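Q: just the structure for this:
(2 chains)
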Amino acid sequence: MELSVAVETDARAVVAGVQGEIDLSNASELERRLLETLDGGSPLVVDLTQVAYLDSSALACLHRVSLAAADRAVPMLVVTGDHGMAKRLLAITGLDQVLRPYTTLTEAMAWLSSDQRRQ
Amino acid sequence: MSTVDDTDGAGDAAPDHLRRAILDALKDGVYRTDVEGTILEVNDAFCALVGYTRPEIIGSRPPYAWWRDAPESRRRALDRLAELRGTAEPGFEFTDTLVHRDGRSLSVLASVRLLRDETGTITGSLGTIEDISERIAAEDRAARLATLAELLARSVEEDEVLDMILDGVLQTVPLKGAGLLLPTSDGDALEPRRHRGMGWTDDEPPLPLDADLPLSRAFVEGSSYFFADRGEMERAFPDVAPLTNVKDDHARASLPLLGRRGPAAVLHLLFPDVHDFPPDERAFLRDVATRCGLALERASLYDMQRREADRARRLQQAFAAMAAAGNPEEIARIVLQEAVPALGGRAGSLSLVDEDGTELRLLAFESVDPPSARGWDVLPLEAELPLTDAVRDKLPLYLGDRAAIGERYRERMPISEQVGDLAWAALPLMIGTGAIGSLFVDFPAAQLFDPPQRLALESMADRTASAIERARTAAREHDVAVTLQHSLLPIVVDRPSVQIATRYEAGAQGLDVGGDWYDAIGIPDGRIAFAVGDVIGRGLEAAATMGRLRSALGALALRGEGPGAVLEGLDEFARSAMGTHMATVAYVELQPEDGTLRYACAGHPSPVLIPVDGPLRTLDGARSPLLEVLTTSRSRPVASARLDPGDTLVLYTDGLTERRDEPIDTGHERLLRVLASARNRDPESLCDILLERMPPPGARHDDIAILCARRRGLGATIVSVDAQADRLAEIRATVESWLAEHDIPAPLRADLVLAVAEASANAVEHAYRDGDARDVTVEGAVDDGVVMRIVDHGTWRYGEGDPGRGRGMHIMRSLVDDMEIIRRSDGTTVVLRAEVASEPPSRWS
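A: Okay, here's the model as predicted:
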C-alpha cells in the first residue's frame, strides 16, 4: 500500500508528514514509524493533510501512538486539514477529543510555540 | 181534391167565438191546416211561440217561416205523416226545433193528427206544439253536470284535479276561455294555476286579495259575479283597467270554489258572446263551481293526508339518520334540512353551548334569507335573543306571529315589513336538566303552536339533543382510542435487506377501534420477525391489551427460539395477562440472507406470499386456534416457505377482507385478485392499494392492520477477493468505480467505500483467524437507494477484538442510513443501505 512518512525535525517539534492511503495493510507500519519519532523527546506533529484514505485501523494506530506519547510526556498534535476524511473520522469516532487536531500545520506550530513559552 | 174552407162545423159544435176562446186559453200552441198544409187556424199561444201575428200565419204554407232549418226529426215526421194517409192511425208526436221570429231556437214537443170527414177522407191536420226548451236545457245541464262530476272524480291528486277542473269546465260550459286561481302559499294573493283561452301568460303576477277586482272579491266574499259584458264589469269595478278596444267583448263570470273552510279557489269564465245571465244559467254555473269546489276540497284533503303521512315518514327517516350520524355537524345538517322542513319550518339554526358554558356557538344553519342566523355565530349566553333565552330558561319559546316576535324582540331584531307573516320557535336541547344548545326554527307563516305541534317540535329537539350527545361521546372515545392505538403501534422502518410498509386504519365509528396491530422485530442473529394480530374486542381496553400483547411478542421474538416458541409463549401470556380478551396472531420469521420463512398462525388469516412471478401463495401451512385464555398449553405447528429476492409477504387483519354480507373465502379471493393485480408495486404502494380497493364502500366498521415486506433484490457481485489486508485497496478501488458507474454522487460514494472497506477489514481481521483464508465478496444493488452486501464465510461478533474494530462498526453505522449484520450458519453478511438524496448534502463539510 502506498504510504510514505517524511519526518522533519526543527527546534520546536518533529513533524511527520504522512502521504498515501492507510488501512489494515499498513497501519502497523505507520505506527512503528511514528513511535520511533517519540524517542527524541520532541513534541510530535502528525500531518495528515496529504492522506488520501484512512480507516479505523489508522485511527487505532494514531490512538495508540498518542497513548505512548502521553506515557513519555511528549506532546502530540494532529493536523487534519480543513476538509477530508481525517477530520471527519476523528469527529465521528470522538477521537478529536483526545488527539488535539489542528486544521493547519501553522496553527499546530503556533500552539507549540506558545506552549513552550509558558513552560 | 176536396177543400174545406172552414171546419167551424157550424151547428154541430160550440159557437165559433166560444171555440176560439177555448183554444186561446190553452198553454200549448194549436194549429189547423188543410190537406196542403195551408194553415187555416191558430191560437194565441201558437202566435206567441213563433213570434208571428195571426194574419201573418193564417194562409201560410210549408215551409213555414219558423222552419228556418230542417231538423232530422221533422223530416222523419213529414215522411210519417205521408204514410199515415193510407192507414187508420189518428196521429203521432215528435220533437221539433222551431226558430222564433227573433232568431231564438225553440225546442217543442209537436203532436199532429189527421182530420177526416165522415167518409174517412182526409180533410186536413190538427197540430199542437208544446215549448220544451227549458226542460231540454235543464236536462242537458243536468247531464253535463253529471259528466263533469264523473270526470272530476277520476283523480284526487291536486295537480290532476286542477287540470280536470279546467278541462271539465270548458267541456261543460260553452266558453272562450277559463282560468283557475288559487291562493299563494302565504295566503295574501291569488295566483293563476291553470288557464286557457284567457290571453294570460304563464308568469302572470299574483293578484292581491285586497284588490278591488271581481276575482279577489269573489274569493274573499265567497260570492259569484256575473257581467254581461266588459262595460258592466268596468262600471261595477272602477279598478278594472278600461279596455280601449272593446270590439272583442265577452260576458264574464267569477265564481268562488268553496271548500270546507271557505273559498279554496276562484274560477274565472270568459264567454264567447255578450249575454245576460238568466237565473237558470247562474244556478247552473254555481252548480259547476260547487262540483269543482268539491273536487278541489277532496284533493286538498287527500293532499293534506298524504303530506301528513309524508311528513311523518320524513321525520322518522330524519330521526333514524340522526341516530346513525357520526358527528354533531352531520346531525345538525339532518335536523335542519330534513326534520325542520317536515315540521313546516323554512329555515333554522342549531347552536351549542361552548365548553365554558358562557357562549352559544352556531353549529349550522339553513335559511332562505338568513335573518335567522346572521350575526349569531357566537352569542354570549346572556344575550336576549330567542336562541339564548331558550338555553337560559331551559324552556321552549314559541312566537306565533309577527306581532308576538315584535313584542318581545322589537329593538334587537327589527323584521322587515317586506317579508310576510312568520313565526319562530326556539327549542332548548336538553340533556338531563342541562341545556347543551338550542334549535331555532323559522316558519313562513303565522303558527298556532297548538299542543300537537309543540309536541312534534319538542320531540325533534329531544332527539337532536340525544343524538348530538351520543355523537360527542362517541367522538371523544373514538379520538382517545385512535390516539392510544397509534401510540401503541411501532414505527417500522425498512431494513437494508427488506422493504417494509405498515398501515393501521381505525374503524369509522365510535369505539370501533383498537385491537389490531402489527410489528417487525429484528432478532439479534439477523432474522426479522413480522407479526400482525387482532385482539378481539373494541375500545380502550382492547387497545391496551393489544399493547401488552405486542410487547410480550417482541420480548419472545428476541429470544430467537422460533415461531412455535413465540406462540406458545403468547399462550402463556394470554392465560395470565389478557383477562377475557381473546386474540389472533400471524407470526413470520425471515432469514433475510437466504429468504427462509418460518411461520405460524394462531386463529389469524393466513399471510400471502407474492412471488416475483408465478401464482400467489397463501401461507396456510401452520394454522392453529387463536390464543386461548382457558386451555392448557399445547405446541403450535410451524411451517416453512421461502421469500426469494423481490418476493413480497403480506400480513393483514380480517378487517381488510371481511364484509358482513359475504363468506370469508370471498374476501380472501378478492384479496388475492387485488394483490395479483398490484404484484410489482413496492410495499408502501401495495398498502395504499389494499386500503383503497379492499374495504367495502362507505363507512368501515372494523379496523385494519397491514404489513407488507419485500425482500430486496440480490445485487451484482462487485468484487470477490481473498480476505487479505493487502486486497483492501483493490476492494476500495473497485467499489468506488462501481458506485461511480451507478451515478452515486461523490460524497456518498466516499462514505460507502469507507463503510464497505471497514466491513471488509472486519472479515480480513476476524473471519479467518483459524488461518484458513477464504474470500470476501462485495455485492451491490441500486434501487431507491444503494445496498451493499459484504459476505464472508467466517464467524465474528460485533465488539470482538480490539477497540479499533468497535470503532470500525461505529464508523460504518455513522456513514450509512441502515446496517444489518446477519449471522448465517456458514458465515456473516453485513448489509449496508444508504438513501440517495436528489440534492446530496456535502458530507465532508
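
Q: any idea how far the residue nearest the centre of chain A is from A:Gly81?
A: With distances taken as Cα atoms, centre = their mean, A:Val46 lies nearest the centre of chain A, 2.5 Å away. A:Val46 is 12 Å from A:Gly81, where distance means Cβ to Cβ, to the nearest Å. Bear in mind the C-beta positions are built from the backbone N, C-alpha and C, glycine included.

Q: same deal with B:Arg144?
A: From B:Arg144 to A:Gly81 the distance is 119 Å (Cβ to Cβ).

Q: do the same with B:Ala149
A: From B:Ala149 across to A:Gly81, the span is 115 Å (Cβ to Cβ).

Q: and for B:Asp356?
A: According to Cβ to Cβ, B:Asp356 and A:Gly81 sit 65 Å apart.

Q: of those two, who's got more company?
A: A:Gly81 (18 against 7; other Cβ atoms under 10 Å in any protein chain shown).

Q: for the more buried one, give me its contacts.
A: A:48-49, A:87, A:103-104 (Cβ atoms under 8 Å, 6 or more residues apart in numbering or on different chains).

Q: mind checking how far it is from A:Thr103?
A: 7 Å.

Q: residues shared between the contacts of these two?
A: Shared contacts of A:Gly81 and A:Thr103 (Cβ under 8 Å, 6+ apart): A:Lys87.

Q: tell me which element the residue of chain A at minimum distance from chain B is part of?
A: The minimum distance from chain A to chain B, using Cβ to the nearest Cβ, falls at A:Ala60 (3.1 Å). Assessed by DSSP states H and E, A:Ala60 sits inside helix A:56-71.

Q: what mean pLDDT does the next helix-or-strand element following that helix get?
A: The C-terminal neighbour of helix A:56-71 among helices and strands, as given by DSSP H and E, is strand A:76-79. Averaged over strand A:76-79, pLDDT sits at 92.

Q: need the next SSE after strand A:76-79, C-terminal direction.
A: According to DSSP H and E, the helix or strand after strand A:76-79 is helix A:85-93.

Q: check whether that next one contacts chain B.
A: Yes. On the criterion Cβ under 8 Å from any Cβ of the partner chain, helix A:85-93 is in touch with chain B at A:85, A:88-89, A:92-93.

Q: residues in contact with that helix?
A: By Cβ under 8 Å, 6+ apart, the surrounding residues in contact with helix A:85-93 are A:48-49, A:51, A:53-56, A:59, A:78, A:80-81, A:95-96, A:99, A:101, A:103, B:750, B:754, B:807, B:810-811, B:814-815, B:843-844.

Q: give me the sheet partners of whichever helix or strand comes after it and which way each runs.
A: Remark: after helix A:85-93, the chain's next helix or strand is strand A:101-102, criterion DSSP H and E. Take DSSP bridges as the rule and strand A:101-102 pairs in its sheet with strand A:76-79 (parallel).

Q: how far off centre is the partner strand?
A: In terms of Cα atoms, centre = their mean, to the nearest Å, the centre of strand A:76-79 is set 4 Å apart from its chain centre.

Q: alpha carbons of that strand, as CSV, please.
A: These are the backbone C-alpha positions of strand A:76-79, laid out as CSV (Å, rounded to 0.1, in the frame of the first residue of the first chain):
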residue,chain,number,x,y,z
MET,A,76,1.4,15.0,20.2
LEU,A,77,-0.6,17.1,17.7
VAL,A,78,-2.5,16.0,14.6
VAL,A,79,-3.0,18.2,11.6
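
Q: report how many residues lie close to B:Arg408.
A: If we define neighbours as other Cβ under 10 Å, then B:Arg408 has 15 of them.

Q: how about it, nearest residue that isn't a chain neighbour?
A: Distances taken as Cβ to Cβ, 6 or more residues apart in numbering or on different chains place B:Leu399 nearest to B:Arg408, at 6.5 Å, with adjacent residues excluded.

Q: run through the bridge partners of that neighbour.
A: The partner residues for B:Leu399, given DSSP bridges, come to B:Trp424.

Q: before we move on, the earlier item: now do the buried residues in the helix holding A:Ala60.
A: A:56-66, A:68-69 (16 or more other Cβ atoms under 10 Å in any protein chain shown).

Q: show me what that helix is packed against.
A: In terms of contacts (3 or more Cβ pairs under 8 Å, 6 or more residues apart in numbering or on different chains; DSSP states H and E), helix A:56-71 is packed against strand A:14-22, helix A:27-37, strand A:44-54, strand A:76-79, helix A:85-93, helix B:746-762, helix B:803-815.

Q: follow-up on the earlier one: closest one of the buried residues of helix A:56-71 to B:Pro444?
A: A:Ser56 (86.6 Å; Cβ to Cβ).

Q: excluding its backbone neighbours, what's nearest that closest one?
A: B:Gly808 (3.7 Å).

Q: that neighbour contacts B:Glu758, correct?
A: Yes. Checked against Cβ atoms under 8 Å, the pair B:Gly808 and B:Glu758 is within contact range at 4.4 Å.

Q: what residues do the two have in common as contacts?
A: Shared contacts of B:Gly808 and B:Glu758, counting by Cβ under 8 Å, 6+ apart, come down to A:55-56.

Q: am I right that B:Lys458 sits in a strand?
A: Slight slip there: residue B:458 is Glu, not Lys. No. Looking at B:Glu458 with DSSP: H, G, I helix; E, B strand; the rest coil, it is helix, so not inside a strand.

Q: pretty sure it sits against B:Ala426.
A: No. Using Cβ under 8 Å, B:Glu458 makes no contact with B:Ala426, being 11.5 Å away.

Q: for B:Gly344, find the nearest of the helices and strands packed on helix A:56-71.
A: helix B:746-762 (73.3 Å).

Q: need the next SSE after the closest one, C-terminal direction.
A: Next along from helix B:746-762, by DSSP H and E: strand B:775-782.

Q: and the helix or strand just after that following strand, which strands flank it?
A: Next helix or strand after strand B:775-782 toward the C-terminus (DSSP H and E): strand B:785-792. Paired with strand B:785-792 in the same sheet, following DSSP bridges, are strand B:775-782 (antiparallel), strand B:827-835 (antiparallel).

Q: spatially central residue for chain B, please.
A: B:Glu338 (10.6 Å).

Q: using PDB, write out every CA atom in stretch B:744-764.
A: This file holds the C-alpha atoms of stretch B:744-764, laid out as PDB (Å, rounded to 0.1, in the frame of the first residue of the first chain):
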ATOM      1  CA  ILE B 744     -23.800   7.700  -7.000                       C
ATOM      2  CA  PRO B 745     -22.700  11.200  -6.100                       C
ATOM      3  CA  ALA B 746     -19.100  11.600  -4.800                       C
ATOM      4  CA  PRO B 747     -19.600  12.400  -1.100                       C
ATOM      5  CA  LEU B 748     -21.900   9.400  -0.700                       C
ATOM      6  CA  ARG B 749     -19.500   7.300  -2.800                       C
ATOM      7  CA  ALA B 750     -16.700   8.100  -0.400                       C
ATOM      8  CA  ASP B 751     -18.800   7.200   2.600                       C
ATOM      9  CA  LEU B 752     -19.900   3.900   1.100                       C
ATOM     10  CA  VAL B 753     -16.300   3.000   0.100                       C
ATOM     11  CA  LEU B 754     -15.200   3.600   3.600                       C
ATOM     12  CA  ALA B 755     -18.100   1.600   5.100                       C
ATOM     13  CA  VAL B 756     -17.500  -1.300   2.700                       C
ATOM     14  CA  ALA B 757     -13.800  -1.200   3.500                       C
ATOM     15  CA  GLU B 758     -14.400  -1.300   7.200                       C
ATOM     16  CA  ALA B 759     -16.700  -4.300   6.800                       C
ATOM     17  CA  SER B 760     -14.200  -6.000   4.600                       C
ATOM     18  CA  ALA B 761     -11.500  -5.200   7.100                       C
ATOM     19  CA  ASN B 762     -13.600  -6.900   9.800                       C
ATOM     20  CA  ALA B 763     -13.700 -10.000   7.600                       C
ATOM     21  CA  VAL B 764     -10.000  -9.900   7.000                       C
END
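
Q: alright, I will stop here.
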